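sharing a model that was predicted from the sequence below.
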Amino acid sequence: MPSKKAFALRIDEKLMKAVEKWAADEFRSTNGQLEWMIHDALKKAGRLPKPGNTKKEAE
C-alpha cells in the first residue's frame, strides 16, 4: 500500500461544504473525496506518475 503524506489545507468554507456534500453523496470520506478529485485531475491532465517509477522520480 502506498504511503500517505499528511498536510494542512486551507480552503474556502463554501468549497469545503460542497466537497463534504459530494463525498457524502458518493459514500466517501472527505479526505477520500479530495484524494479522488486530485487523482482524477492529474489523470485528465496526463500528469500521473508512470507505474513502476521510484518515489524520487515521482516527486
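Noted; the coordinates are in hand. Numbers count the residues shown, from 1 in each chain.

just the element for the residue nearest in space to the middle of the chain, please.
Geometric centre of the chain, nearest residue: residue 35, 1.9 Å, by C-alpha atoms, centre = their mean. Secondary structure assigned from DSSP states H and E places residue 35 in helix 30-44.

what mean pLDDT does that helix get?
For helix 30-44, the mean pLDDT works out to 97.

now do the buried residues in that helix.
By neighbour count on 16 or more other C-beta atoms under 10 Å, the buried set for helix 30-44 is 33-34. Just so you know, the C-beta spots here come from the backbone N, C-alpha and C atoms, and that holds for glycine as well.

begin at 8 from now on, thanks
With 8 as the first residue, the last one maps to helix 37-51.

residues contacting it, please?
Identification of contacts with helix 37-51 by C-beta atoms under 8 Å, 6 or more residues apart in numbering yields 16, 23, 26-27, 29-30, 33, 35, 55.

just send these back as TSV, with distance to residue 47 too.
Below are those laid out as TSV (distance: C-beta to C-beta, whole Å):
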residue	distance to residue 47
16	17
23	18
26	13
27	17
29	12
30	14
33	12
35	12
55	10
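
make a PyMOL selection of the buried ones in those residues.
In PyMOL, a selection of the buried entries from the contacts of helix 37-51 looks like this (16+ other C-beta under 10 Å):
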select buried, resi 26+30
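
residues contacting residue 20?
By C-beta under 8 Å, 6+ apart, residue 20 has no neighbours at all.

and it, what pLDDT?
Listed pLDDT for residue 20 reads 98.

with residue 28 instead?
Reading off the model, residue 28 has pLDDT 98.

with the one 4 residues further on instead?
Model confidence at residue 32, expressed as pLDDT, equals 98.

again with residue 63
Residue 63 is given a pLDDT of 57.

and what of the one 3 residues further on?
Each residue has a pLDDT score; the one for residue 66 is 54.
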